[in-house]
Structures are given as structure tokens and as C-alpha cells.
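In: Give me the fold of what follows.
(one chain, ligands or ions: 2)
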Amino acid sequence: MTTIAVLGAGKIGESLLSGLLKAGRAPADLLFTERFATRAADLTKTYGITHVDVATAVQRADVIVVAVKPQDIEPLLDEMAPNLPAGKLVVSLCAGLPTKLFERRLPEGTAVVRVMPNTPMLVGEAMSAISGGAHAEDAHLDLVEELLGSVGKVVRVPESQQDAVTALSGSGPAYFFYLVEAMIDAGILLGIPRATAADLIVQSAVGAAAMLREGGGHPVMLREAVTSPAGTTIAGIRELEKHGVRAALIDAIEAARDRSVELGRAHEE
Ligand SMILES: NC(=O)C1=CN([C@@H]2O[C@H](COP(=O)(O)OP(=O)(O)OC[C@H]3O[C@@H](n4cnc5c(N)ncnc54)[C@H](OP(=O)(O)O)[C@@H]3O)[C@@H](O)[C@H]2O)C=CC1
Ligand SMILES: O=C(O)[C@@H]1CCC=N1
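Out: Ligands and ions are numbered 1, 2, ... in the order given. Take a look at the predicted model:
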């Protein structure tokens, strides 16, 4: 069985470990590194997986998943480089960081795959986009696709699109959560108890998502079907348009893309 080590078991690293276990992978096939002993002990207790140091992780695992914040990458690469044997596959989940950064800092010929996942991985509903670096072969991409396919959907994209993907699906769940949060607040304003408002909005979000995915309908047609002549929905849509919500979303996603580019530039030679 392939041994996978996750370096940095924070929010996304833990989502991946948890998702892989739920998908049937054995705890003995998973390793992780963490900076804080108490956090490491909690994860071992919760998931039955083994905490190791970086040198052990890169030596023992076949696939090394880097899941630290982009700002923490340099010291981690310093620790990985002298210990990484030839033939290992390095998978980066880090926003903004190009494969060539890893190729420059790790032993010559190391296969690197850049991935942008998202936190719905925790419930087996991730959206992950993958791109191979200079030494990544089809077999490496197939392996990463198989791993991430067990915790959600996977698409292959050219690396040049990864900053845009990061803004769309990497950050995307946060924007949906933000909308849900705002809609629940609207329920409070209208006098609905918070728990009831949350039920109403969360189930509406789940239903709308299911229609988008399973019904195969275009979002414009689905919205039009809710929008009756002289009805309630169009009264609300007019307010959204007046407040520039569509433009705000486009600007938000462009800003997120720009930030991803900036995170990568911070590590240019
Ligand atoms: N959160 C998300 O939705 C997504 C995140 N990502 C990417 O995933 C990466 C991680 O993000 P996220 O999980 O949110 O961040 P977190 O801060 O939650 O997780 C990073 C973890 O790595 C630990 N860490 C840092 N340096 C080391 C090291 N040298 N050795 C071992 N552990 C280390 C951190 O410890 P400490 O707490 O001490 O700093 C922390 O627990 C980022 O690069 C991000 O761009 C990608 C897609 C989605
Ligand atoms: O906010 C971030 O930087 C990370 C990357 C994508 C989602 N979260």
C-alpha cells in the first residue's frame, strides 16, 4: 500500500487525513508532522495515525503532501531537502507556490504535483485541481488523482490556471459560508429564531447545490424558475443588483487570484 505523509496537519492537512481514513485507507498507511506536541497527540488519539518528524516522514512515505501555510514553506524545504530520497512524489497543497519552487529546493529530478483542494474534503466532497511539475509523469498524476478522487472530485488544469482555481474553488467554500451566514442574519432581522433560520438556509443551499450538480441545469435557468413575475424573488434580486453584489463577487475572486500570485512571488529567486 502507498504510504502518505502529510507535512503540517492543520485545517486542510487534517481534512485530507480524515477524508482518506473515511475513504477506507488504513491508519498504518498515514503519517503526519506537526509543530505542537499537544496538537499531534490529539490527532493521534482521534485518528490512530502516527506522528513523525519531517526527516522520518520523507524517508518512510511514498507520497509527501505539503500542507503548511505558504509563509512557512522555506524552513520546511530546508528540512526536507537533505532527507528526501530519490523517487518520492511531493504533492503541494499550498496556495500560490509554483512547482518550480519545490523543484529548485529539493533534490534534482523530484516529481512535484501542485494541488488546490478545498475543505469539503472533510465530508468527501472536495474539489481538487491538479497540475504536474517538470518531472511529474502521467503515473504521478494518476496516483494523485486516485488519492484525491477518494475524497471528492478532481480536475487536471495547466499550472498557469492554478492561481485562478485557488480563488474559485480553493477559497470558494468560504464565500458560500459567508452568504449563508448573511442569509441567516436576515432571518434574525425578520424575527425567525436562529436555529430555524439556519435550518431553512442550509437546506436551501444543499437543495440548490443538488439541483446545480444533479439536475444539470444552467444557474440562470434555475434562478429564473424561482423568479415569478411581480413576485417576491425579483424584489430581492433588484436589491442585490442595486448593491452591486455580482460585481463584488467578481472583484472578490479577482482579489483572491491576485493574492495567490503574490504568495508565489514572495518565494521567487
Ligand atoms: N484552509 C483551506 O481551505 C485551504 C488551504 N490550502 C492550503 O493548505 C495549506 C495549509 O492551510 P491551512 O490548513 O488552512 O493552514 P493551517 O495553519 O491550519 O495548517 C498548517 C499547519 O502546518 C503546521 N506547520 C507549519 N510549519 C510546519 C513544519 N515545518 N512542520 C510541521 N508542521 C508545520 C502549522 O503549525 P502552527 O499551527 O504551529 O503554525 C499548522 O498546524 C496552505 O498552504 C493553504 O494555502 C489549500 C486549499 C484550501
Ligand atoms: O485562504 C487561503 O489562503 C487558503 C487557500 C485557499 C483557501 N484557503
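In: what's the closest residue to ligand 2 within the stretch 1-150 of the chain in contact with, if anything?
Out: Scanning the stretch 1-150 of the chain for the residue nearest ligand 2 gives Ala95, at 3.7 Å (criterion: C-beta to the nearest ligand atom). Using the backbone N, CA and C atoms, a C-beta is placed for each residue, glycine as well. By C-beta atoms under 8 Å, 6 or more residues apart in numbering, the residues touching Ala95 are Pro70, Met116, Thr166, Gly170, Ser260, Leu263.
In: what about the residue of the chain positioned farthest from its centre, helix or strand, and which?
Out: Going by C-alpha atoms, centre = their mean, the residue of the chain most distant from its centre is Ala230, 40.7 Å out. Per DSSP states H and E, Ala230 falls between elements, in no helix or strand.
In: for this structure, what spans make up the strands?
Out: Using DSSP state E, the strands assigned to the chain run over residues 4-7, 30-33, 50-51, 63-66, 89-92, 111-116, 126-132, 152-156.
In: Export those strands to CSV and append columns for distance to Leu240, mean pLDDT and mean neighbour count.
Out: Formatted as CSV, those follow (distance: least, C-beta to C-beta, whole Å; pLDDT from 0 to 100; neighbours: other C-beta atoms under 10 Å):
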stretch, distance to Leu240, mean pLDDT, mean neighbour count
strand 4-7, 40, 98, 26
strand 30-33, 43, 98, 24
strand 50-51, 48, 96, 18
strand 63-66, 39, 98, 25
strand 89-92, 37, 98, 26
strand 111-116, 28, 98, 27
strand 126-132, 25, 98, 23
strand 152-156, 29, 97, 16
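In: in stretch 146-162, what counts as buried?
Out: Leu147, Leu148, Ser150, Val151, Gly152, Val154, Glu159, Gln162 (16 or more other C-beta atoms under 10 Å).
In: got the contact list for that stretch?
Out: So stretch 146-162 is contacted by 2, 4, 16, 19-20, 22-25, 63, 98-99, 114-117, 120-121, 124-133, 141, 144-145, 165, 260 (C-beta under 8 Å, 6+ apart).
In: so Ala61 makes contact with Ala5?
Out: Yes - applying C-beta atoms under 8 Å as the test, Ala61 and Ala5 come out as touching, 3.5 Å apart.
In: tell me, what's touching those two both at once?
Out: When contacts are counted by C-beta under 8 Å, 6+ apart, Ala61 and Ala5 have Leu31 as shared neighbours.
In: from the contacts of Ala95, which are also near ligand 2?
Out: Checked against ligand 2 using C-beta under 6 Å from any ligand atom, these yield the following neighbours: Thr166, Gly170.
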